[in-house]
Structure formats: C-alpha cells, structure tokens
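Chemist: Need the 3D shape of this:
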Amino acid sequence: MQLADKHSAEPPPPPGKGTHVLVVDDNVEIRDLIAIAVRRAGAEAVTLASTEVAAALRQYPVFAVITDVMMPDRDGLEVLDDVVSFDPSISVLLISGYGPFYLGIAARLAGPLNARHVETQMKPVRLRDIIAFVERARARGDEPVAGAPAAGLPPRTGA
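Modeler: Below is the predicted model of the structure:
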C-alpha cells in the first residue's frame, strides 16, 4: 500500500473546468500539429483517432475538443454528440478540409444537440487559430450562453 499515492490524488475538476483538450482526427500528422498548438496555449493535449472519445471524456479533465468532421469510422457530429451527452459546456471546434458546405451542415446540426460552444475552422488550420480557440474555451469555462447562438454557427433563416 502506498499512502503517498492515496493522499496525493486530487479529485478531478468539474466537467468543463479541466486542463485537457481532446484532439480527434484520423490523420496522425494533423493530430500532432494541433496538439503542438494546444500545448503552446498552455493546455494538455490528448490525441485520438476517433473511437475512444467517450472513454477519454471520463478519463481526462476536458474543457475543449477539437475534431475533424469527416473521418472513416465516425464523423465529427458523432464526436460532438458524445461531448454534449457528457457535458454540453465543453467547447468544440469542428474542422474540415472538405469545404465550408460540410462545416455549415455540421454547425447547423450542433444546435439540436444542445451544444453551447461550437466553432468551425477550415483545414488547413493555422496554429494561431487553434491557440486562440483554446484560450477562448478556457476563458469560457462552463458559463451558460443565455439564448445566444454558438460561435461559428451560420445564422438561422426561415421558420
């Protein structure tokens, strides 16, 4: 029995108030580049191919997720659904190299999932944009957004 380990373990922070950012992309080079930017922003990066998101959300104190929209085994909306089901206050950045059409659809579908903080970015992503997203997500914490649309969402039109 190691008493030092037992007493040194601190309880995890509340959801949305963590120190980690999940980076989800099927391309390892993109994951690694985004992880560099996350670390430059002062956060810990956890990189995933895409299937272990729900488990990682339970394992790490996460305040933000950066995910590709188009992946072979799961798409970014499934990742977003995992995140919102776990904690809707976690900020999400949806990224895609398939054009603004796919990002627009993904952003519009984020609303019905009750995601509070969703942003979009076209690939190739710039490291400074990733750093800025991480800083906004950290500052935002789990503050509710009273009736405001999530950042990056196209305006809704019609009934």
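Chemist: What about the residue nearest to Ala43 when sequence neighbours are not counted, how many residues nearby?
Modeler: Once flanking residues are discounted, Ala43 sits nearest to Val21: 4.9 Å by C-beta to C-beta, 6 or more residues apart in numbering. Heads up, the C-betas are built off the backbone N, CA and C, glycines and all. Neighbour count of Val21, defined by other C-beta atoms under 10 Å: 30.
Chemist: these two touch, right, Val21 and Val65?
Modeler: Yes - between Val21 and Val65 there is a contact at 7.0 Å, judged by C-beta atoms under 8 Å.
Chemist: Next one: Val24 from Gly104, what distance?
Modeler: 20 Å (C-beta to C-beta, to the nearest Å).
Chemist: Please say which of those two ends up with more neighbours.
Modeler: Each of Val24 and Gly104 has its neighbours counted (other C-beta under 10 Å); Val24 has more, 28 against 15.
Chemist: contacting residues for that one?
Modeler: Residues near Val24 by C-beta atoms under 8 Å, 6 or more residues apart in numbering: 31, 47-50, 53, 65-68, 71, 76, 79.
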